[in-house]
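Colleague: Okay, predicted coordinates and the sequence, questions at the end:
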Amino acid sequence: MSRFWQQFATGAWLTQDRARIYSLLMGGICVAAMIGWVALSDGLIDRNGKPIGTDFSSFYAAGSMVLEGHAADVYNPTAHYAREQQLFGKDTPYFSWLYPPFFLLVATPLALLPYWLALAVWQAAGFGLYLGVVGAILRRARSTDAVAALWLPVAAAFPAVFVNLGHGQNGFLTAGLLGGALCLLRPQPVLSGVLFALLAYKPQFALVIPLALLAAGRWRTIAAATVAVAALVAMATLAFGIEVWSGFAASTEMSRKLLLEQGDVGFEKLQSAFAAVRMWGGSVPLAYGVQGALSLAAIAGAVWAWRTPCDDAVRGALLVLATLLASPHTLDYDLMLLGPAIAFMVSAGVARGFRRTEISVLAVAWVTPLLARSIAGMTAIPLGLLISLTLYGLVFARAFDDRDHAIDATGRIAQA
């Protein structure tokens with residue numbers, strides 16, 4: 001037992017060969033399962049009676065409605081569902097459209113393509129963005145660390161990748177935009193601001209980012225993000241009409257009541273403190289109270305770190321994790337954000353040394369998206385929430401270390 005704990009604590013068990021083998025096994029199994037699932041489908045409909053790409057069917061249906069001049073109806077559940085039934089059959093379940101109008105700027109061009117091709121373009125573009133950003137985060141680490149050098153198979157076989165591929169969801173885009181914005185914050189502050197602004201299509205993730213940027217005094221990035229968001233709103237309004245905004249406002253109320261509070265999406269799919277309380281039978285007010293307390297703590301920690309002299313990779317990881325923790329509406333496909341968070345933590349660990357248990361916890365975090373939904377459904381244990389909290393604690397400890405090093409260095413300079 002002591003040998004096991006020593007291996008776990010130091011992370012010595014995760015050799016380069018094991019990292020390669022685990023990644024290839026995970027990737028191979030998931031790819032084979034996905035190929036088999038598609039092969040057993042009936043055209044566009046899978047074995048469960050859902051469209052291949054499930055949630056992407058909602059994007060495609062909304063885009064096709066815009067192309068026919070019915071942009072205002074995309075937020076009308078009856079009209080939107082009728083279009084999904086027209087495209088995929090009367091027995092298809094309903095996949096709602098709850099995104100801000102400027103996400104139609106993405107959905108509409110995709111609807112010009114046949115469904116299969118649109119789904120392939122959507123997945124390939126998002127996957128490429130995600131891989132490029134993870135590679136950029138680990139640019140220095142992969143040249144000096146044997147395991148980090150295997151970043152490509154490890155990142156490609158990250159189980160959240162297959163969750164997103166299976167659902168046709170936007171986790172690739174979210175992870176790519178947030179990770180990319182953080183990578184570009186110093187060298188390209190204006191472009192970083194534009195990438196932050198594009199994340200506005202997921203407004204539930206907007207609680208932490210503006211406050212962290214304000215705390216760090218990133219004024220050029222803030223200005224660029226503000227202008228870019230205004231431009232997105234203007235473009236969507238000109239393209240789709242002012243009435244789409246009232247439809248979107250009404251849809252947010254439906255999303256809050258049905259998907260979040262009542263758990264129509266399934267509390268086991270949600271990876272937030274709010275969902276954990278509701279899954280355990282807690283009331284809606286109690287769930288909001290617990291989520292509010294955690295959100296405030298996560299935001300306060302991130303703001304403190306962004307005001308403190310610490311490594312950029314530490315700040316990046318903390319902001320990504322705080323973004324996950326602060327939102328009550330975090331689904332299992334949103335655990336794609338653990339990808340850049342892990343990459344930032346690996347970058348910090350290679351540069352300054354890994355803390356005790358850190359490597360092993362990162363390995364557990366890597367596999368978590370594969371298990372989070374099923375474990376929550378079977379045992380009511382919110383694994384996604386717990387691993388995000390654990391990673392947040394490890395990164396926050398690193399931020400304290402960086403602050404202490406900075407204070408020590410200042411003292412030595414003053415004495416000299």
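Modeller: Looks like it arrived, so ask away. Numbering: from 1, shown residues only.

Colleague: my read: L331 touches L270, true?
Modeller: Yes. With contact defined as Cβ atoms under 8 Å, L331 reaches L270; the gap is 6.0 Å. C-beta here means a position set from N, CA and C on the backbone, and glycine is covered the same way.

Colleague: For the two, indicate the residue with more neighbours.
Modeller: L270 (29 against 24; other Cβ atoms under 10 Å).

Colleague: For L40, give its distance to L165.
Modeller: According to Cβ to Cβ, to the nearest Å, L40 stands 16 Å off from L165.

Colleague: So if I had to pick from these two, which one is more boxed in?
Modeller: The neighbour comparison of L40 against L165 (other Cβ under 10 Å) goes to L165, with 20 against 9.

Colleague: just the strands in the stretch 101-250 of the chain please.
Modeller: With DSSP state E, counting those that start in this stretch as the criterion, the stretch 101-250 of the chain has no strands.

Colleague: show me the contacts for the closest residue to F205 other than its chain neighbours.
Modeller: In space, F205 comes closest to T323 once its chain neighbours are excluded; the distance is 5.1 Å by Cβ to Cβ, 6 or more residues apart in numbering. T323 sits next to L178, F205, L207, V208, I209, L337 when contact means Cβ atoms under 8 Å, 6 or more residues apart in numbering.

Colleague: at 7 Å what do you get?
Modeller: Listed by Cβ atoms under 7 Å, 6 or more residues apart in numbering, the contact partners of T323 are L178, F205, V208, I209, L337.

Colleague: ditto for F396
Modeller: Counted by Cβ under 7 Å, 6+ apart, F396 has contacts G301, L318.

Colleague: how about 8 Å then?
Modeller: Counting by Cβ under 8 Å, 6+ apart, F396 touches G301, A305, L318.

Colleague: Following element in sequence after the helix or strand harbouring the last one, please.
Modeller: Under the assignment given by DSSP states H and E, the secondary-structure element containing L318 is helix 312-326. Tracing the chain past helix 312-326, the next element assigned as helix or strand by DSSP H and E is helix 338-352.

Colleague: by how many degrees do that next one and helix 312-326 diverge?
Modeller: Following axes from the mean of the first three to the mean of the last three Cα atoms, to 10 degrees, one obtains 150 degrees for the angle between helix 338-352 and helix 312-326.

Colleague: Distance from helix 338-352 to the middle of the chain?
Modeller: Here helix 338-352 is found 16 Å from its chain centre; the criterion is Cα atoms, centre = their mean, to the nearest Å.

Colleague: ok so, going back, what is the nearest of the contacts of T323 to D264?
Modeller: F205 (20.9 Å; Cβ to Cβ).

Colleague: who are the neighbours in contact with the closest one?
Modeller: Counting by Cβ under 8 Å, 6+ apart, F205 makes contact with T174, L178, L199, T323, S327.

Colleague: where's it relative to G349, distance?
Modeller: Using Cβ to Cβ, F205 is found at 25 Å from G349.

Colleague: and the host helix or strand of Q86, average pLDDT?
Modeller: Assigned by DSSP H and E, Q86 falls within helix 77-88. Averaging pLDDT along helix 77-88 yields 94.

Colleague: Tell me the buried residues in that helix?
Modeller: With burial defined by 16 or more other Cβ atoms under 10 Å, the residues of helix 77-88 counted as buried are P77, H80, Y81, A82, R83, E84, L87, F88.

Colleague: Tell me if I'm right that the first one and Y94 touch.
Modeller: Yes. If you go by Cβ under 8 Å, P77 and Y94 touch, sitting 7.1 Å apart.

Colleague: R218: which of the contacts of F396 is nearest?
Modeller: Taking Cβ to Cβ as the measure, R218 sits nearest to A305 out of the contacts of F396, at 13.7 Å.

Colleague: Now do the same contact list for the closest residue to G27 other than its chain neighbours.
Modeller: Nearest non-adjacent residue to G27, counting by Cβ to Cβ, 6+ apart: A157, 3.5 Å away. A157 sits next to Y22, S23, L24, M26, G27, C30 when contact means Cβ under 8 Å, 6+ apart.

Colleague: let's see it at 7 Å
Modeller: Counting by Cβ under 7 Å, 6+ apart, A157 touches S23, M26, G27.

Colleague: Export the residues you listed to TSV and append columns for neighbour count.
Modeller: What follows is these, written out as TSV (neighbours: other Cβ atoms under 10 Å):
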residue	neighbour count
S23	20
M26	21
G27	18
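
Colleague: nearest to R355, of those?
Modeller: Nearest member of those to R355, counting by Cβ to Cβ, is S23, at 23.3 Å.

Colleague: In this structure the closest one contacts L152, no?
Modeller: No. Using Cβ atoms under 7 Å as the test, S23 is too far from L152 to be in contact (9.0 Å).

Colleague: could you point out where the stretch 51-200 of the chain is predicted with low confidence?
Modeller: Within the stretch 51-200 of the chain, not a single segment meets pLDDT under 70.

Colleague: can you pull out the helices in it?
Modeller: Secondary structure of the stretch 51-200 of the chain by DSSP state H, counting those that start in this stretch: the helices cover 56-67, 77-88, 104-110, 115-137, 151-156, 159-167, 171-183, 189-198.

Colleague: So which bits of the first one are buried?
Modeller: Buried residues in helix 56-67, counted by 16+ other Cβ under 10 Å: F56, S57, S58, F59, Y60, A61, A62, G63, S64, M65, V66.
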